[in-house]
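>>> Take this sequence and fold it.
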Amino acid sequence: MKWDRDGVHVPTVAVNLSAVHFRNRALPEHIAALLKDHNLKPARLTVEITESVMMDNSRDTEEVLQSIRNIGCGLSMDDFGTGYSSLSRLTRLPLTEIKIDRSFINDFEHDTNAQAVTMAVIGIGSRLGMTVVTEGVETEQQRDLLEKLNCDVMQGYLFAKPL
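Numbers count the residues shown, from 1 in each chain. From the prediction side, this is the model:
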């Protein structure tokens, strides 16, 4: 709200929540109330989940995630590819975005294996209708390669320090 008042338009803000938060069935109501109290549109909030949330097969967690999406908020899988992600689970969650972990980008210019995995994740995300974000972009060469792979969004020191 302060940014809006100051004329700084930030289209979406991503907020990391722990796996414990998603076991709380009241979380969607809490998020909706905060958005209403601060007069913010749900589409301006993306809730980031970790792979531990993704692997939680409980019905409560799935219902909480779906309720957050039903409010109109985005759901992002943070640090995708670093743990035990299940591709079948990826297709069942109401995600709007996946974030490729920076560990794939560290030596991206020279590591053809990292390039192949990144290209595959971008393709999967695109075909599932998700925005694909690549973390840790630090060089022009990394940016150029990711643009050629049709990566939707890039973040890293090349663009700005963490805010």
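
>>> okay, now Thr12: neighbour count?
Neighbour count of Thr12, defined by other Cβ atoms under 10 Å: 15. Quick note: C-beta positions are derived from backbone N, CA and C, even for glycine.

>>> residue contacts, it?
The neighbourhood of Thr12, defined by Cβ atoms under 8 Å, 6 or more residues apart in numbering, consists of 43-46, 74.

>>> Closest one of these to Asp6?
Here the nearest of these to Asp6, counting by Cβ to Cβ, is Arg44; it sits at 15.6 Å.

>>> Let me see the confidence value for that closest one.
At Arg44, the model reports a pLDDT of 95.

>>> Hmm, it is touching Ala14, no?
No - assessed by Cβ atoms under 8 Å, Arg44 is found out of contact with Ala14, at 10.4 Å.

>>> mind checking the longest strand of this protein?
The longest strand of the chain (DSSP state E) is strand 74-80.

>>> That strand pairs with which strands?
Using DSSP bridges, the strands paired with strand 74-80 in its sheet are strand 45-49 (parallel), strand 97-100 (parallel).

>>> Just checking, which helix or strand succeeds it along the chain?
Scanning forward in sequence from strand 74-80 by DSSP states H and E, the next helix or strand is helix 87-92.

>>> who touches that following helix?
By Cβ under 8 Å, 6+ apart, the list of residues contacting helix 87-92 reads 54-55, 77, 98, 124, 128.

>>> repeat that for 6 Å
Met54 (Cβ atoms under 6 Å, 6 or more residues apart in numbering).
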